[in-house]
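J.: Make a model of this:
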Amino acid sequence: QVQVEESGGGLVQAGESLRLSCIASVPRKGAYAVAWFRQVPGEGRERVSCISWSSSSVSYAESVKGRFTISRDNVKKTVYLQMDRLKPEDTAVYYCATEMYGACSGKVEYWGRGTQVTVSS
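T.: Sure thing, here's the model as predicted:
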């Protein structure tokens, strides 16, 4: 059974922090990377970060590098996105997605429904 479920979104002021969580479980054997995306109404979906199955490889969009940290706990089947020094331009719906392979490839297999993050100035 597929489970990709985000939580932790909310309303914060600029400069504050939030931690998003994603419970990610796929109905097959094998490793899978997990990525976070975000989307503002009327714009395309932006890939924010990705973490490989073993956590040995992580990547970030330039817009969040140095402020966001991705991590995962495979025992809990949970991926986290720690977001620090938030800016109003980080306001978006944040989506978690599992990928088809253990390494980050950009090939999304399953999407979550998203969680809203709003940063006020």
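J.: Kindly state the pLDDT recorded for Arg28?
T.: Per-residue confidence (pLDDT) for Arg28: 85.
J.: what about the residue nearest the centre of the chain, helix or strand, and which?
T.: Nearest residue to the geometric centre of the chain (C-alpha atoms, centre = their mean): Trp36, 2.5 Å. Using DSSP states H and E, Trp36 falls within strand 34-39.
J.: That strand pairs with which strands, parallel or anti?
T.: strand 45-51 (antiparallel), strand 92-99 (antiparallel) (DSSP bridges).
J.: Output the ones you listed in CSV, with mean pLDDT, mean neighbour count and distance to Asn74 appended to each entry.
T.: All C-beta atoms are positioned from the backbone trio N, CA, C, and that covers glycine. Below are the strands paired with strand 34-39 laid out as CSV (pLDDT from 0 to 100; neighbours: other C-beta atoms under 10 Å; distance: least, C-beta to C-beta, whole Å):
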stretch, mean pLDDT, mean neighbour count, distance to Asn74
strand 45-51, 97, 20, 11
strand 92-99, 98, 23, 12
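J.: Throw the ones you listed into TSV and include distance to Gln116, thanks.
T.: Output for the strands paired with strand 34-39, formatted as TSV (distance: least, C-beta to C-beta, whole Å):
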stretch	distance to Gln116
strand 45-51	14
strand 92-99	5
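J.: quick one: which of these is nearest Ser17?
T.: strand 92-99 (14.0 Å; C-beta to C-beta).
J.: Can you tell me what sits against that closest one?
T.: With contacts defined as C-beta atoms under 8 Å, 6 or more residues apart in numbering, strand 92-99 is touched by 4-6, 9, 20, 22, 24, 26, 32-40, 45-46, 48, 50, 79, 81, 105-117.
J.: What subset of these is buried?
T.: When those are checked for burial by 16 or more other C-beta atoms under 10 Å, the buried set is 4, 6, 9, 20, 22, 24, 26, 32-38, 45-46, 48, 50, 79, 81, 108, 110-112, 114-115, 117.
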